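Enquirer: Test case, fold it:
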Amino acid sequence: MSIEELLKVGSINRFKATQEEISRAIEIARRDLVFAESIFKQNLDWSYVVAYNAVLQAGRAYMFSLGYRPAATGGHKAVFEFLQLNVDESLNESISYFDRVRRKRHRTVYDEVGLITEKEVKNLLKRVREFISYVESSLRVS
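Expert: Here you go, the predicted model:
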């Protein structure tokens, strides 16, 4: 799929974000990463869910910086479809991984308790940290 196809099917929209909107999304990503790390020992499921939200927010910030935002319906999936097309090729596997996390997060929130393992959370936290760093360096935010 291409950017034009994502626009045509309504997965994403053109969006002229302000610097404040971009910075706010990064701030939320940072906050959620810190919180996910802080609750790791208490609740693996919620640590996973909050870490996922951190990567989602960082992805939104990246989209905003390029003049797009996800549509209201199917927005989570659209973020990762967009990122797959726009991030450095070295991150493509991580973006695919985050999309798999998106699906498992849904099951964790709505369907199953205790689905997430310690290893999964540690791996997700590591990758989220790396992705937020990538977005921050791409956007040159501090």
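
Enquirer: Looks like residue 114 contacts residue 48 (just checking).
Expert: No - taking contacts as C-beta atoms under 8 Å, residue 114 lies outside contact range of residue 48: 11.2 Å. C-beta here means a position set from N, CA and C on the backbone, and glycine is covered the same way.

Enquirer: what helix or strand does the most centrally placed residue in the chain sit in?
Expert: In the chain, the residue lying closest to the centroid (C-alpha atoms, centre = their mean) is residue 56, at 2.1 Å. Using DSSP states H and E, residue 56 maps to helix 44-65.

Enquirer: Pull that helix out as CSV, backbone CA atoms only.
Expert: This file holds the C-alpha atoms of helix 44-65, laid out as CSV (Å, rounded to 0.1, in the frame of the first residue of the first chain):
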residue,chain,number,x,y,z
LEU,A,44,2.7,-7.5,32.9
ASP,A,45,-0.6,-7.1,31.0
TRP,A,46,-0.9,-3.3,31.7
SER,A,47,2.8,-2.7,31.3
TYR,A,48,2.5,-4.1,27.8
VAL,A,49,-0.7,-2.1,27.0
VAL,A,50,0.9,1.2,28.2
ALA,A,51,4.1,0.5,26.3
TYR,A,52,2.1,-0.1,23.2
ASN,A,53,0.4,3.2,23.7
ALA,A,54,3.8,4.8,24.0
VAL,A,55,4.8,3.5,20.6
LEU,A,56,1.5,4.5,19.1
GLN,A,57,1.9,8.1,20.3
ALA,A,58,5.5,8.3,19.0
GLY,A,59,4.2,7.0,15.7
ARG,A,60,1.4,9.6,15.6
ALA,A,61,4.0,12.3,16.3
TYR,A,62,6.1,11.1,13.4
MET,A,63,3.0,11.1,11.2
PHE,A,64,2.1,14.6,12.3
SER,A,65,5.5,15.8,11.4
